[in-house]
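Engineer: Predicted model follows, preceded by the sequence.
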Amino acid sequence: DTGVSQDPRHKITKRGQNVTFRCDPISEHNRLYWYRQTLGQGPEFLTYFQNEAQLEKSRLLSDRFSAERPKGSFSTLEIQRTEQGDSAMYLCASSLGSGQTEAFFGQGTRLTVV
Amino acid sequence: DAKTTQPNSMESNEEEPVHLPCNHSTISGTDYIHWYRQLPSQGPEYVIHGLTSNVNNRMASLAIAEDRKSSTLILHRATLRDAAVYYCILRDYSGGSNYKLTFGKGTLLTVNP
């Protein structure tokens, strides 16, 4: 297993365009998370899935953001009508669902909105 | 969430021990102390965690004060690959949102050759 995989690694888009990112978690992990990180700050929690159910969404996640995990495996994060303030690193993480388990992070997708 | 306080930055020399402090004076009895680190251009990675007793693993040691209001991550021999931002995070496993990691700004560790 190669860990958590994110695609693409980098995305440059024009303001107003829609973008979609993909995350493939570690195969046996039933928990999946999305975080956002801006320069000089620690990652901020966006949303959490247990299997295919989205159980929490941060108020950071405006209605332009939507995340799915249709079969409890990979997940997508879509941003509609991108704004310059959306420029950030988007990190995906996964973990097992029980006990004091660590989260494994992907390398992230760096989004630049021009 | 209970808050943690870390120095913004620290510097070390290669092959010397590094002690990274974290204050968490409002820690609750059910909060575990977790450490993650983030290397340049990478996602965070788990380092170590503990509740009350000191912990050791292949990456580091975690020393927890007796009153649990502070802890120290110890890298026994720093290498250039240990240069990263180190985050001290409290996780309450008894709570409903125990899956969430709340990151602060962390400590940027620079390792000099």
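Structural biologist: Received, thanks.
Engineer: how about the residues of chain A that lie near chain B?
Structural biologist: Taking C-beta under 8 Å from any C-beta of the partner chain, the part of chain A that reaches chain B is made up of A:4, A:31, A:33, A:35, A:40-45, A:48, A:56, A:91, A:93, A:95, A:100, A:102-108. Where you see a C-beta, it was placed from the backbone N, CA and C, and this is true even at glycine.
Engineer: I'd like to know which of these are buried.
Structural biologist: A:4, A:31, A:33, A:35, A:42-45, A:48, A:56, A:91, A:93, A:95, A:102-108 (16 or more other C-beta atoms under 10 Å in any protein chain shown).
Engineer: interface residues of chain B facing chain A?
Structural biologist: B:32, B:34, B:41-46, B:49, B:85, B:87, B:91, B:93, B:97, B:99-106.
Engineer: Let's see which of the residues you listed end up in strands.
Structural biologist: In strands, judged by DSSP state E, the following of the residues of chain B next to chain A are found: B:32, B:34, B:45, B:46, B:49, B:85, B:87, B:91.
Engineer: Neighbouring strands - and their directions - for the helix or strand harbouring residue B:37?
Structural biologist: Following DSSP states H and E, one finds residue B:37 within strand B:31-38. Using DSSP bridges, strand B:31-38 pairs in its sheet with strand B:45-50 (antiparallel), strand B:84-92 (antiparallel).
Engineer: shouldn't residue A:25 be in contact with residue A:72?
Structural biologist: No. Taking contacts as C-beta atoms under 8 Å, residue A:25 lies outside contact range of residue A:72: 9.6 Å.
Engineer: Between these two, which is the more surrounded one?
Structural biologist: Taking other C-beta atoms under 10 Å in any protein chain shown, residue A:25 and residue A:72 do not tie; residue A:25 has more neighbours (26 against 15).
Engineer: Next one: the more buried one from residue A:10, what distance?
Structural biologist: 21 Å (C-beta to C-beta, to the nearest Å).
Engineer: quick one: low-confidence ranges for chain A?
Structural biologist: A:1, A:98-100 (pLDDT under 70).
Engineer: what stretches of chain B score poorly on pLDDT?
Structural biologist: Checking chain B against pLDDT under 70 turns up B:1-2, B:95-98.
Engineer: OK, contacts around residue A:7?
Structural biologist: Contacts for residue A:7 (C-beta atoms under 8 Å, 6 or more residues apart in numbering or on different chains) come out as A:21, A:22, A:24, A:109.
Engineer: what does residue A:87 give?
Structural biologist: So residue A:87 contacts A:38, A:111, A:112, A:113 (C-beta under 8 Å, 6+ apart).
Engineer: Just give the number of residues close to residue 101.
Structural biologist: No chain in the question, so chain A it is. If you count neighbours by other C-beta under 10 Å, residue A:101 ends up with 14.
Engineer: let's do chain B instead
Structural biologist: Counted by other C-beta under 10 Å, the residues lying close to residue B:101 total 24.
Engineer: isn't it right up against residue B:35?
Structural biologist: No. With contacts counted by C-beta under 8 Å, residue B:101 stays clear of residue B:35, the gap being 11.1 Å.
Engineer: got any residues that touch both of the two?
Structural biologist: Shared contacts of residue B:101 and residue B:35 (C-beta under 8 Å, 6+ apart): residue B:89.
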